[in-house]
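# With the sequence up front, the predicted model follows.
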Amino acid sequence: MAFLTIQWENLFDAQLAWESLPFVLQGMTYTISLSFITMGIGLVLGLITAMGRMSERDWLRYPARMYISVIRGTPLLVQLFILYFGLTVIGLTLEPVTAAVIGLSLNVGGYSAETIRGAILAIPKGQWEAAQSINMTHWQSMRRIILPQAVRVALPPLANTFLSLVKDTSLLSVITVPEMLYQAKIIGGRTFDYMTLYLLVALLYWVICTLLNIVHERLEKRFGRYVA
Amino acid sequence: MIEVTGLRKHFGDTEVLRGIDLQVKKGDVHCVIGPSGSGKSTLLRCVNLLEIPTEGTVRIGQERLEFGKGRVKEQAIRALRSKTGMVFQRFHLFPHLTVLQNVMEGPITVKREPRAHVLERAERLLDKVGLAEKKNAFPESLSGGQQQRVAIARALALEPDVLLFDEPTSALDPELVGEVLKTMRSLAEEEQTMVIVTHEMEFARDVADEVLFIDEGRVVEQGPPSRLFTQPSAKRTQQFLAKMLEASR
């Protein structure tokens, strides 16, 4: 029964993991900076798209719906392939990081648009009327009264979007962005010990996400402090 | 001060207001009474243009608007609305702002008045409604009666020519009604012009200069409370008052 014996000693080589850490952490700077940059751009896109989606004007509403539908209806990996490999056929060659920023930002934009729209619609109509009654314009009401309250509603789903985004940056390894997983795969290939490196990367993602979760809980308290 | 003539409002096929006239002199208090669904609230909301009337004219001070003759400009609507302050049945305070910020929001964001100036007025108004010590609290930590008094201060902060009240005590627990009515009484004594939609008959009798009974989108009867409450001439008014009296027993 020797072939059923599990070789635990091959699972994780702590020494290799320790020695690879600096190289993998170089990748982490990409993971983290790309996450924050694309979340920022994506939220702006999401806000604009949400406004477009709620507009009474067809020429704003239809493109917004189309954009959301395409982004949510196609895999992120395919979107990245189209941006990085596909566009070369029309003579548009993007740097890996450029393709990554565009792809992830568009993705976050599509998802957060629906979250933001839902949060704005969740604010009671009385708040709009009260703002109107003190003679605010539509945009003053939106900016001063509705959006600050919508932030609280949108925060938990947006935190989810952000956690997914952080983990989805690992997809960028296939378009040669030197983020964490890409770096780990290089060492894995060199040492033929993929398992150690994958476990190391998994552990690092988990640490990042746990820290972000703590930040999220703090933010939730901060934005919910007025709720009795 | 206020002059409303021939006011009509349709919602689709239903006609909620069927030609209403209303004149309020400066410093007067008018109370509007009537059964639910009679159009009282809609009348009020047409005066400050939260609803755009289908037909008729609304004049407040120098601002006059005519409806039913083409599109009315947003700017004109806001000019007229700036003469009014509104107090809602369900307060609608801004929950993410403190009591003081709620009162200051209008003058600062809308009228762009200097902050120090507004702060002083806001504190004075909160003192007047008896909530000076609550200025840093968030609305949701207050009782309904306190929230409504903050809402009154918020409306007053814009220094409107007329205050409009849409059933200001209907959403309150019975023991909290008194404190709001007391605040409104003191405003009446200061000759603040007010139009009040209410079910508080006793309050209307004490405070109003004129009472309007509205039913099915029309003013059925109007007059000073001393007459309207004791010798109503229209049958519909008599029925309504009898019912209200029965209910309060």
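Alright, I've got the coordinates. Numbering: from 1, shown residues only, chains lettered A, B, ... in the order given.
# where does the chain have low pLDDT?
Chain wasn't specified; assuming chain A. A:1-3, A:228 (pLDDT under 70).
# looking at chain B here, not the other one
B:249.
# gap between the nearest residue to residue A:179 once chain neighbours are set aside and residue A:59?
Leaving aside its chain neighbours, residue A:179 sits nearest to residue A:30 (4.1 Å; criterion: C-beta to C-beta, 6 or more residues apart in numbering or on different chains). Backbone N, C-alpha and C define where each C-beta goes, glycine included. To residue A:59, residue A:30 is 38 Å away according to C-beta to C-beta, to the nearest Å.
# out of those two, which sits in the busier spot?
residue A:30 (20 against 8; other C-beta atoms under 10 Å in any protein chain shown).
# Make sure the more buried one is indeed in a strand.
No - applying DSSP: H, G, I helix; E, B strand; the rest coil, one finds residue A:30 to be helix, outside a strand.
# Tell me the residues of chain A that contact chain B?
Residues of chain A found near chain B (C-beta under 8 Å from any C-beta of the partner chain) are A:124, A:126-127, A:129-137, A:140, A:144-145, A:148-149, A:152, A:225-228.
# these two touch, right, the residue nearest to residue A:179 and residue A:173?
No - the criterion here is C-beta atoms under 8 Å, and residue A:30 misses it with residue A:173 at 10.0 Å.
# Common neighbours of the two, please.
residue A:179 (C-beta atoms under 8 Å, 6 or more residues apart in numbering or on different chains).
# and the residue in chain B sticking out farthest from the centre, what element?
Distance from the C-alpha centroid of chain B peaks at residue B:116, with 28.4 Å (C-alpha atoms, centre = their mean). Here residue B:116 sits within helix B:115-128, counting by DSSP states H and E.
# Off-centre distance for that helix?
Centre-to-centre, helix B:115-128 and its host chain are 22 Å apart (C-alpha atoms, centre = their mean, to the nearest Å).
# And that helix, what's buried?
B:118, B:119, B:121, B:122, B:123, B:125, B:126, B:128 (16 or more other C-beta atoms under 10 Å in any protein chain shown).
# Now the residues you listed in a markdown table, please, with extra columns for distance to chain A.
What follows is the buried residues of helix B:115-128, written out as a markdown table (distance: C-beta to the nearest C-beta, whole Å):
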| residue | distance to chain A |
| --- | --- |
| B:118 | 13 |
| B:119 | 17 |
| B:121 | 14 |
| B:122 | 13 |
| B:123 | 18 |
| B:125 | 13 |
| B:126 | 16 |
| B:128 | 18 |
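# what sits against residue 99?
In the absence of a named chain, chain A is used. A:80, A:83, A:84, A:175.
# not quite, I wanted chain B
B:93, B:126, B:131, B:134, B:135, B:136, B:137, B:138, B:139, B:142, B:150.
# Likewise for residue B:7?
Counting by C-beta under 8 Å, 6+ apart, residue B:7 has contacts B:17, B:19, B:20, B:21, B:22, B:43, B:46, B:53, B:55, B:56, B:57, B:58.
# Find the helix or strand that it is a member of.
Per DSSP H and E: residue B:7 is located in strand B:2-11.
# can you check residue A:42 too?
helix A:14-54.
# Off-centre distance for that helix?
When distances are taken as C-alpha atoms, centre = their mean, helix A:14-54 is centred 7 Å away from the chain's centroid.
# which helices and strands does it pack with?
helix A:58-73, helix A:96-121, helix A:147-168, helix A:180-191, helix A:194-223 (3 or more C-beta pairs under 8 Å, 6 or more residues apart in numbering or on different chains; DSSP states H and E).
# In this structure residue B:9 contacts residue B:50, no?
No - using C-beta under 8 Å, residue B:9 is not in contact with residue B:50; the gap is 11.4 Å.
# For burial, what's the neighbour tally of residue 102?
Just so you know, I chose chain A. 18.
# Correction: the question concerned chain B.
Neighbours around residue B:102, by other C-beta under 10 Å: 27.
# residue contacts, it?
Residues in contact with residue B:102 (C-beta under 8 Å, 6+ apart) are B:93, B:94, B:139, B:150, B:154.
# Return the helix or strand hosting the last one as PDB; C-alpha atoms alone will do.
By that I understand residue B:154. Taking DSSP H and E as the criterion, the element that holds residue B:154 is helix B:144-156. Output of helix B:144-156 as PDB, limited to C-alpha atoms (Å, rounded to 0.1, in the frame of the first residue of the first chain):
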ATOM      1  CA  GLY B 144     -40.600  62.300  18.200                       C
ATOM      2  CA  GLY B 145     -41.600  65.600  19.800                       C
ATOM      3  CA  GLN B 146     -38.000  66.800  20.000                       C
ATOM      4  CA  GLN B 147     -37.400  65.800  16.400                       C
ATOM      5  CA  GLN B 148     -40.400  67.800  15.300                       C
ATOM      6  CA  ARG B 149     -39.200  70.800  17.300                       C
ATOM      7  CA  VAL B 150     -35.800  70.600  15.500                       C
ATOM      8  CA  ALA B 151     -37.700  70.400  12.200                       C
ATOM      9  CA  ILE B 152     -39.500  73.600  13.100                       C
ATOM     10  CA  ALA B 153     -36.100  75.300  13.900                       C
ATOM     11  CA  ARG B 154     -34.700  74.000  10.600                       C
ATOM     12  CA  ALA B 155     -37.600  75.500   8.700                       C
ATOM     13  CA  LEU B 156     -37.300  78.800  10.600                       C
END
